[in-house]
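# need coordinates for the below:
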Amino acid sequence: MMEYYRELPQEEQEAVTAVIQLLYRQTFLLERRFDKRSGRFQYVKEYRECSKHMEFLKEYFQVAGIALMENVHMGVIYIQGETLWGEKLPRLATIYLLILKLIYDEQMAKASASVQVVTTLGAVNGKAGEFRVLAGIPSPTELRRTITFLKKYQIIEPLDMLEELGENTRLVIYPTVHAVLSGEDIRKLLETFSEEDDIGEEAGLPGTFEDMPE
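Alright, predicted model coming up:
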């Protein structure tokens, strides 16, 4: 396995190392991400590097008991494994994940072709209100912390400034939301998620993701 790596040019070795570090840090690699400067979705070079060296990287992660997975249809590469230790999901982040998954599925069901799903913070809070899982609008500090947390793991991409969070703040929902909540009956889960529950405090990210559909 390491012979393959040693035979790569130094520039390629550095690129492979960067991909490994990135996957450990953020779990997912997206084929395309929204670039605010251009206002367009652009291809991610790390995704191409990972695809190029996929077999080597699979063997590398397998040594540590970690599976490297790829969903070509959704343009997502990600790692899974019981040996991964991730951050705890705060309560609001858990609620938002459930709502974002619901909105993503609803929009995709209406689309006749592959589309990028965009929603607003107001729509997320509104749907959370419908399920009575939020007593009121979270504080600006809590909102920024939650949006930053979900952005870190490439679940969403805010299209507007985090300093100006409001009802009209736009959010791209990336297909990585499937990796977190694949196969769940989201509506039933939300109905059991009352304000008094402590659910979400012990959720793990990453390392407890369900398998993404192939």
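# need the pLDDT of N125.
At N125, the model reports a pLDDT of 91.
# from memory it sits against G166, does it?
No. N125 lies out of contact with G166 (C-beta atoms under 8 Å); the separation is 10.4 Å. No exception for glycine: its C-beta is placed from N, CA and C like everyone else's.
# tell me the domain ranges of the protein?
Domain ranges of the chain: 2-80, 87-205, per automatic domain parsing.
# what helices or strands is the helix or strand hosting K151 leaning on?
According to DSSP states H and E, K151 maps onto helix 140-152. If contacts are counted by 3 or more C-beta pairs under 8 Å, 6 or more residues apart in numbering; DSSP states H and E, helix 140-152 sits against helix 91-110, strand 156-158.
# which stretches of the protein have low pLDDT?
Counting by pLDDT under 70, the ranges of the chain that qualify are 82-88, 112-115, 181-214.
# quick one: the residue positioned nearest the centre of it from I147, how far?
Centroid-nearest residue in the chain, with C-alpha atoms, centre = their mean: I155, separated by 2.9 Å. With the distance defined as C-beta to C-beta, to the nearest Å, I155 ends up 10 Å from I147.
# show me the strands in this structure, by range?
Ranges of strands within the chain are 28-30, 32-35, 40-43, 67-71, 76-80, 87-88, 117-120, 156-158, 170-173, 204-205, based on DSSP state E.
# please convert the ones you listed to a markdown table, extending it with mean neighbour count and distance to Y96.
Output for the strands of the chain, formatted as a markdown table (neighbours: other C-beta atoms under 10 Å; distance: least, C-beta to C-beta, whole Å):
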| stretch | mean neighbour count | distance to Y96 |
| --- | --- | --- |
| strand 28-30 | 23 | 17 |
| strand 32-35 | 15 | 18 |
| strand 40-43 | 12 | 22 |
| strand 67-71 | 18 | 22 |
| strand 76-80 | 22 | 19 |
| strand 87-88 | 13 | 15 |
| strand 117-120 | 18 | 11 |
| strand 156-158 | 23 | 8 |
| strand 170-173 | 20 | 9 |
| strand 204-205 | 18 | 12 |
